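K.L.:
Have a look at this prediction, sequence included:
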Amino acid sequence: MNELSSGWNHLRGIEPLSLCDWPGKSCCVFFLGGCNLNCPTCHNFDMAWNMERLHLLSREDMKSFLRNRAKWLDGVTITGGEPTTVPNLGEILYEVRQVSKLPIKMDSNGMLPDILEDILQQGLADMFAVDVKGPYEKYPALTGQAVTAEAAQKNLERIFELAEANPKAFYFRLTKVPILTDEDVETAKSYLPDGFELTIQNYIPPRRDHAHADNEARRPVGDLVD
């Protein structure tokens, strides 16, 4: 398969060390471009919708980085964009696992539950951080009309069923964007299965140059493996 026509073409960023992306673990973060939502409050919109503007990390770059740095890490986070939209995602996760021998966390908006279930069943990721963006009725506004209230409810209820069956593999997050009220947050909390808590994240307003600045901060992997 041509690497540029596969999921590897979506590998567009890296954070070599993060202490906040996976609670309790030091991890590196790989960013996969592309998204199935159009959230107006997205703070990483180039990664989501204009990944061609960002530096492409090759498959070999990723593997070289992991071979050299894995021994200092507790895990690997795969984020986006939205990873579940990336073709051949399983191949990427498999290679991360094979090279690093580390546990993998994947971030997701939860709108493609079949993909998450498949990844879980194949044992290609150990933890899933799923966004609950707010009350179902606000999903159209929260996602730029990409998801209806009915679709949001159907998809998240599938995710919640997976979480109930695999309670150690899921946690849930909400970013309190400006259109959400305290009551909305409480409503979103009420959706979660018993025993789960909703982690509230601070809202970071989008800036026109934010994604480009972030990409400059994430140096090409070749600079990190010397």
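P.N.:
On my side now, so go ahead. Numbers count the residues shown, from 1 in each chain.
K.L.:
Now do the longest helix seen in the chain: everything it contacts.
P.N.:
In the chain, taking DSSP state H as the definition, the longest helix is helix 149-165. The contact list for helix 149-165, computed with Cβ atoms under 8 Å, 6 or more residues apart in numbering, reads 110-113, 116-117, 120, 130, 132-133, 136-140, 143, 147, 169-170, 172, 191-193, 196. In short, each C-beta sits where N, CA and C put it, glycine included.
K.L.:
Of these, which belong to strands?
P.N.:
130, 170, 172 (DSSP state E).
K.L.:
List the buried residues in stretch 44-52.
P.N.:
44, 45, 46, 47, 48, 49, 51 (16 or more other Cβ atoms under 10 Å).
K.L.:
Next: stretch 87-102.
P.N.:
89, 90, 91, 92, 93, 96, 97, 99, 100, 102.
K.L.:
Let me see the residues that make contact with that stretch.
P.N.:
Counting by Cβ under 8 Å, 6+ apart, stretch 87-102 makes contact with 1, 6-8, 10-11, 30, 32, 59, 62-63, 66-67, 70, 73-76, 78, 83, 86, 104, 106, 115, 118-119, 122, 124-125, all of which sit outside it.
K.L.:
now the longest helix of the chain: mean pLDDT?
P.N.:
Here helix 149-165 scores 98 as its mean pLDDT.
K.L.:
May I see the buried residues of that helix?
P.N.:
Under the neighbour-count criterion of 16+ other Cβ under 10 Å, helix 149-165 has 152, 153, 155, 156, 158, 159, 160, 162, 163 buried.
K.L.:
can you pull the buried residues of stretch 55-70?
P.N.:
For stretch 55-70, burial by neighbour count (16+ other Cβ under 10 Å) applies to 55-59, 61-66, 69-70.
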